[in-house]
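A.B. asks: following is a predicted model, sequence given first.
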Amino acid sequence: MITVTNHAEYMNDYNPDGVYYTTQGCNTCKFIKPARSKHCSLCDVCVSRFDHHCSWVNNCLGKKNYKFFLCFITSSAILCAYVTFVVAIVYAYIVLSEGLINMKYEAYDGQYYPVGIRFLSQYMLVRQPLLAILFLVVLFFGVAMTGFSLFHLYLVLTNQTTNEFYKRHYYGKSHTKSSRQSRIISSRTEKTTVKTAKRRALNRNKEISSRTLADEVVTTEKSPSPGTRTPYYKGIWRNITEVMGV
């Protein structure tokens, strides 16, 4: 966290990019907020390179502890994958050792049919309920944690935080909306300008050429979208070393 004592140190870490971060003060902490920092209302402190407040660890994630969070979610995903694999092996061992795969069951019509995956799953759920619940739980959390880990890996490789990712998304949507409105206004203005220029041309007995007419038409250039930039990108390797503190 940022305090009055270490404030000067964090001010030198990053420069304001002028889009996502500008020179502004924190009304609670009573100092200028360093670039890439954010005041957490839950922890009531400003956090350098703020990513998000994590309820699982009951703390803010920032410059000092983000790498440990990465290790936590990655190891959790690996552990869930390992447990899922082990439970699947146990299931396969039970099915094969007891010959369940070759068994048949009697249907309502009195006929016997070979068991399938669906029947075996129902049978094992009844016979080994705890093992089945464990398999479903670790499978669910494994998929979720893997996706979460890949998302944060993307953030590391592009040198941005979760807070900055959503800022980019917000700025991108707002810029698209404003650009659409600007194009509509520009189109209306351009049509009006063309009509005015044509009337002037007719009044001067068509002395103005089409090239001159085109010069009188006012056009506007499309401004670059601030939401498409990653201003602190330094290259993949330098991004990784910055986050991991190597």
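C.D. replies: That came through fine.
A.B. asks: which residue ranges form the strands in the protein?
C.D. replies: 25-26, 31-32, 38-40, 45-47, 52-54, 59-61, 104-106, 112-114 (DSSP state E).
A.B. asks: and Asn15, which of those strands is closest to it?
C.D. replies: strand 31-32 (12.8 Å; CB to CB). Every C-beta, even on glycine, is put in place using the N, C-alpha and C of the backbone.
A.B. asks: partners of that closest one in the sheet?
C.D. replies: Using DSSP bridges, strand 31-32 pairs in its sheet with strand 25-26 (antiparallel).
A.B. asks: ok, back up a step: same list (the strands of the chain) but as TSV, adding distance to Thr5 and mean pLDDT.
C.D. replies: What follows is the strands of the chain, written out as TSV (distance: least, CB to CB, whole Å; pLDDT from 0 to 100):
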stretch	distance to Thr5	mean pLDDT
strand 25-26	15	91
strand 31-32	11	92
strand 38-40	17	93
strand 45-47	13	94
strand 52-54	23	94
strand 59-61	18	94
strand 104-106	73	78
strand 112-114	73	81
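A.B. asks: okay, now the spatially closest residue to Val57 that is not a sequence neighbour: neighbour count?
C.D. replies: Spatial nearest neighbour of Val57, chain neighbours left out: Phe69 (6.9 Å); criterion: CB to CB, 6 or more residues apart in numbering. Look at Phe69: counted by other CB atoms under 10 Å, it has 18 neighbours.
A.B. asks: one more: the one 3 residues further on?
C.D. replies: One way to gauge burial is a neighbour count; for Phe72, by other CB under 10 Å, it gives 16.
A.B. asks: that one reaches Val57, doesn't it?
C.D. replies: Yes. Counting by CB atoms under 8 Å, Val57 is a contact partner of Phe72 at 7.4 Å.
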